[in-house]
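# Give me a model of this one.
(one chain, ligands or ions: 3)
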Amino acid sequence: MNKQVVLLPGDGIGKEVMESAKLVLNTVATEYGHRFAFHEHAIGGDAIDRYGIPLPDDTIKACQQAEAVLLGSVGGKKWDNLPANKRPEKGLLGIRKQLGLFANLRPIKSFPALEHVSPLKQEVISGSDILIIRELTGGLYFGQPSERRENGQAAVDTLYYQRYEIERIIDKAFQSARKRRKHLTSVDKANVLESSRLWREVVEEKRQQYPDVTVDHLLVDAAAMKLVTSPDQFDVMVTENLFGDILSDEASVLTGSLGMLPSASVRSDGVGLYEPVHGSAPDIAGRGMANPIGMILSAAMMLRHSFNMEQEAAEIESAVNDTLNEGYHTADLNREGGKLVGTAEMTEAVIENITTKSVSDSICSSYF
Ligand SMILES: NC(=O)c1ccc[n+]([C@@H]2O[C@H](COP(=O)([O-])OP(=O)(O)OC[C@H]3O[C@@H](n4cnc5c(N)ncnc54)[C@H](O)[C@@H]3O)[C@@H](O)[C@H]2O)c1
Ligand SMILES: CC(C)[C@H](C(=O)O)[C@@H](O)C(=O)O
Ligand SMILES: [Mg+2]
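Ligands and ions are numbered 1, 2, ... in the order given. A predicted model of the protein is given here:
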């Protein structure tokens, strides 16, 4: 039976790296005898240009019927001056909300070949392996009111959480910690925000159900500092929507580039949308130089989480590792020597490693 996958390439480099994911998935399909049926739909600026809105009904329906969704990225200068509701980003927020994808899993682990590429000292990042769990359908992104007031000269956004929204993301975080090193850091701003005090209260209650997991609380400003000074103290981090957005881009520095990070946006029944953490990168779009690894690793996360294809996912991760060990790198990876390549060549090198090698030294076979 074909696996039904909806592809939402979106804008800018989203379209470019989606091609890489498709090629890699087709290679895995051939190697393992699977069949993926890809259904491409519009989102973001692409949908605005074609249909006048960032999230057409047809796209929502297709995503609801799919077994999994892969998304590139949305946004770009062309649409930056549109009213809030018509912006490309509204399409992305809308599909996450429509599908009820409340948990965004953002794993951050440096590949050995890139440890010297990060601007952080190698001894600081060495051995760090973090899973940021970002609440994705609530908090400051969705709270009402969110509007201009006083003739446009004042504005309000609302950080609103209901207890059940906090409980389900905290459960997800504890369950994830159980599968890893059993340590959970909850990040909030409980010294100032009431929503954070409710968040902390829920964590304290929930920890009774997970006595095997150690828990600490960290204020978000201190967490931002510790992420780059002592990242090895973290296992699973769980936090509010906006805090998670900011901390995960910061954490990407550990891996050498924002272009390296994959993510899975999931709900309790396992339905998922898989998306790299980066955006549409207007500064490099159209030049064939985007790093496709975050997108390729997102496709691997899809195989693992939505299709239970553990070996296939590990094969992709192992091929990425091998490719980096061979010295291949895109321009965002500030690496001396090796082979500087574009998106297409990087993808070809990964594919070559999938077809010629078996899961050998799969340093990352179980954590994305
Ligand atoms: N998930 C998404 O769709 C998503 C995420 C973030 C930003 N955005 C949107 O993207 C647009 C640009 O935002 P931005 O510039 O702040 O963030 P960005 O993530 O697009 O880019 C930030 C920087 O990282 C670089 N970069 C990002 N991904 C890369 C990759 N794969 N390979 C090489 N370099 C990469 C870019 O060149 C840029 O210098 C905005 O419209 C924003 O709203 C979308
Ligand atoms: C584009 C934007 C709406 C999005 C977010 O803030 O969630 C992005 O930054 C991300 O990290 O996926
Ligand atoms: Mg972001």
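
# And the residue nearest to Phe243 when sequence neighbours are not counted, how close does it get to Val320?
Computed as C-beta to C-beta, 6 or more residues apart in numbering, the closest residue to Phe243 that is not its neighbour in sequence is Val220, at 4.9 Å. In this view, the C-beta of every residue, glycine as well, is placed from N, C-alpha and C. With distances taken as C-beta to C-beta, to the nearest Å, Val220 is found 31 Å from Val320.

# May I see the buried residues of the least confident helix or strand in the chain by mean pLDDT?
Across the helices and strands of the chain, mean pLDDT, DSSP states H and E gives its lowest value to helix 122-125, namely a mean of 94. For helix 122-125, a neighbour-count test (16 or more other C-beta atoms under 10 Å) marks 124-125 as buried.

# who touches that helix?
110, 115-116, 118, 228-231, 254 (C-beta atoms under 8 Å, 6 or more residues apart in numbering).

# ok, 10 Å please
108-110, 114-119, 228-232, 253-256 (C-beta atoms under 10 Å, 6 or more residues apart in numbering).

# quick one on the thing from earlier: which of Val220 and Val320 has more neighbours?
Higher neighbour count among Val220 and Val320: Val320, with 26 against 21, using other C-beta atoms under 10 Å.

# so that one touches Ser20, yeah?
No - under the criterion of C-beta atoms under 10 Å, Val320 is not in contact with Ser20, lying 11.1 Å apart.

# Mutual contacts of the two, please.
292-293, 296, 346, 350.

# So Asp157 belongs to a strand, correct?
Yes - looking at Asp157 with DSSP: H, G, I helix; E, B strand; the rest coil, it is inside a strand.

# Leu70 falls within a helix, correct?
No - counting by three-state DSSP, Leu70 is not part of a helix but strand.

# got a list of what it touches?
Leu70 makes contact with 5-9, 18, 21-22, 25, 38, 40, 272-276, 295, 298-299, 301-302, 306, according to C-beta under 10 Å, 6+ apart.

# rerun at 8 Å
Counting by C-beta under 8 Å, 6+ apart, Leu70 has contacts 5-8, 18, 21, 273-275, 295, 298-299, 302.

# ok, and the most crowded of those?
Counting neighbours by other C-beta under 10 Å, the top entry in these is Met295, with 32 neighbours.

# Tell me who's in contact with that one.
Taking C-beta under 8 Å, 6+ apart as the criterion, Met295 is in contact with 17-18, 20-21, 70, 72, 262, 276.

# any idea which element Met295 lies in?
Element membership of Met295, judged by DSSP states H and E, is helix 293-305.

# Rounded mean pLDDT for that helix, please.
Per-residue pLDDT over helix 293-305 has a mean of 98.

# returning to that earlier point: identify the farthest-apart pair in the shared contacts of Val320 and Ser20.
Ile296 and Met346 (8.7 Å; C-beta to C-beta).

# tell me, how many neighbours does Arg287 end up with?
With other C-beta under 10 Å as criterion, Arg287 counts 13.

# rewinding a little: right, and the helix or strand after the least confident helix or strand of the chain?
strand 129-135.

# strand partners of the helix or strand that that following strand is followed by, parallel vs antiparallel please.
Sequence-wise, the next helix or strand downstream of strand 129-135 (DSSP H and E) is strand 143-149. Using DSSP bridges, the strands paired with strand 143-149 are strand 154-158 (antiparallel).

# What lies in contact with the following helix or strand past the partner strand?
Going down the chain from strand 154-158, the next helix or strand is helix 163-178, by DSSP H and E. Applying C-beta under 8 Å, 6+ apart, the external contacts of helix 163-178 come out as 102-103, 105, 131, 133, 135, 137-138, 183-184, 186, 198-199, 202-203, 206-207, 209-210, 212-213, 235-236, 238, 268.

# Now intersect those with the strands, please.
The strands, defined by DSSP state E, take in 103, 105, 131, 133, 135, 183-184, 186, 236, 238 from the contacts of helix 163-178.

# Now, of the residues you listed, which are buried?
The buried subset of those (16+ other C-beta under 10 Å) comprises 103, 105, 131, 133, 135, 184, 186, 236, 238.
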